[in-house]
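Visitor: Need the 3D shape of this:
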Amino acid sequence: MEWLACIRRSVQYIEEHLYDNISAQDIAAHVHMSPFFLQRGFAVMTGYGIAEYIRNRKLYLAAMDLKNSSEKVIDTAYRYGYETPESFAKAFSRFHGCSPLQIRNGTGKIRTFLPLTVSITVHGGDIMKYQITNMFSFRVIGFQKEFSYEEGYREIPKFWDEICAKYADNIYAGNAPENPYEKAIADNCIGEYGICIDDIGDGKFRYLIAGKYAGGEVPEGMMLYEFPRGDWAVFDCYGPIPETLQALNTKIFREWLPGNPDYELSGNANVEWYDTIHGETKDPDYHSAVWIPVKKKENE
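Guide: Numbering: from 1, shown residues only. I've put the predicted structure just below:
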């Protein structure tokens, strides 16, 4: 499906199910897309996570219901999926800046949150350089942790800090390995890849701090993952990270994917590559890349 149409259909589906307990997975199934890629693209293009957008729409409509009817606050809370009046009042006050009763008696002000209208603006003069590369299947080895769609991008940097402090700092300092974990890091260049894999469901995805597997022992707590042969869109990036990588990801989802005449998303994983040999991550010319699995669009 064309990417922009996918986001629009997602917004429409949300509007049709605001009284239901829907998730990013439900929406992704409706538009036939990986929940991970949908969540990422939705946030980039709209500025809101899917769960945040649904919550904001419900709280706006709940305020309108309280203003224009005499129903009990508890009934409004239940209709919009809140299990207790207390949880509803807390979320309501955080969003609107006033309590449900203040809206009811006219002393509070409603924060407007209307349905999104998704559009794309094409800017000229800035060419996004990429190449389509057919890669043979390859295996990676690394440290894995599960994250929720909503919290992942805030928590993943902490995961990197944790792994580096626990296992990698000695190796990155140029010292000889002192245990099986440090040996695996050195032998397989772990830290070259940051990999998101969407295959576990329940609103979560797997994240790997990884390197290409060169064989040998897989220490307890580490894991292997194999990518099948396929086409990847490879976008090179130069500049300090994470700022430049975040900007590149935004351009990919806002400018490259929408209306792309040749390629669409494929698979359930994406890779960020880091140059672990040359330069420091804060250098102005630091080299990194984003790999997006794609497939050629079928002729309609």
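
Visitor: Quick check: which helices or strands does the longest helix anywhere in the chain pack against?
Guide: For the chain, the longest helix by residue count, based on DSSP state H, is helix 50-68. On a contact count with 3 or more CB pairs under 8 Å, 6 or more residues apart in numbering; DSSP states H and E, helix 50-68 meets helix 3-16, helix 24-31, helix 35-46, helix 73-79, helix 85-96, helix 100-105. C-beta here means a position set from N, CA and C on the backbone, and glycine is covered the same way.

Visitor: Return the angle between stretch directions for that helix and helix 85-96.
Guide: 100 degrees (axes from the mean of the first three to the mean of the last three CA atoms, to 10 degrees).

Visitor: tell me which residues in helix 50-68 are buried?
Guide: 50-51, 53-55, 57-63, 65-66 (16 or more other CB atoms under 10 Å).

Visitor: Report the mean confidence score over stretch 42-55.
Guide: Regarding stretch 42-55, the rounded mean pLDDT is 88.

Visitor: distance between the ends of that stretch?
Guide: Counting by CA to CA, to the nearest Å, you get 15 Å between the two ends of stretch 42-55.

Visitor: Can you name the residues in contact with that stretch?
Guide: Contacts of stretch 42-55 with the rest of the structure, by CB atoms under 8 Å, 6 or more residues apart in numbering, involve 7, 10, 14, 18, 22-24, 27, 38-39, 56, 91, 95, 116, 118, 120, 149-150, 249-250, 253-254.

Visitor: pretty sure E264 is in a strand, no?
Guide: Yes. Counting by DSSP: H, G, I helix; E, B strand; the rest coil, E264 is located in a strand.

Visitor: give me the number of residues near the spatially closest residue to it that is not a sequence neighbour?
Guide: Excluding the flanking residues, the one nearest E264 by CB to CB, 6 or more residues apart in numbering is K297, at 5.5 Å. Per other CB atoms under 10 Å, the neighbour tally for K297 reads 12.

Visitor: Would you confirm that K297 contacts S266?
Guide: No. If you go by CB atoms under 8 Å, K297 and S266 don't touch, sitting 10.4 Å apart.

Visitor: Which residues belonging to stretch 210-221 are considered buried?
Guide: So for stretch 210-221, counting by 16+ other CB under 10 Å, buried means 210-211, 213, 219.

Visitor: Of those residues, which is the nearest to W291?
Guide: The closest of these to W291 turns out to be A210 (CB to CB; 12.4 Å).

Visitor: For that closest one, I want the exact helix or strand it lies within.
Guide: A210 is part of strand 204-212 when elements are defined by DSSP states H and E.

Visitor: Touching that strand from outside, list them.
Guide: Contacting residues not belonging to strand 204-212 are listed as 35-36, 138-149, 152, 156, 159-160, 163, 185, 188-200, 223, 225 [CB under 8 Å, 6+ apart].
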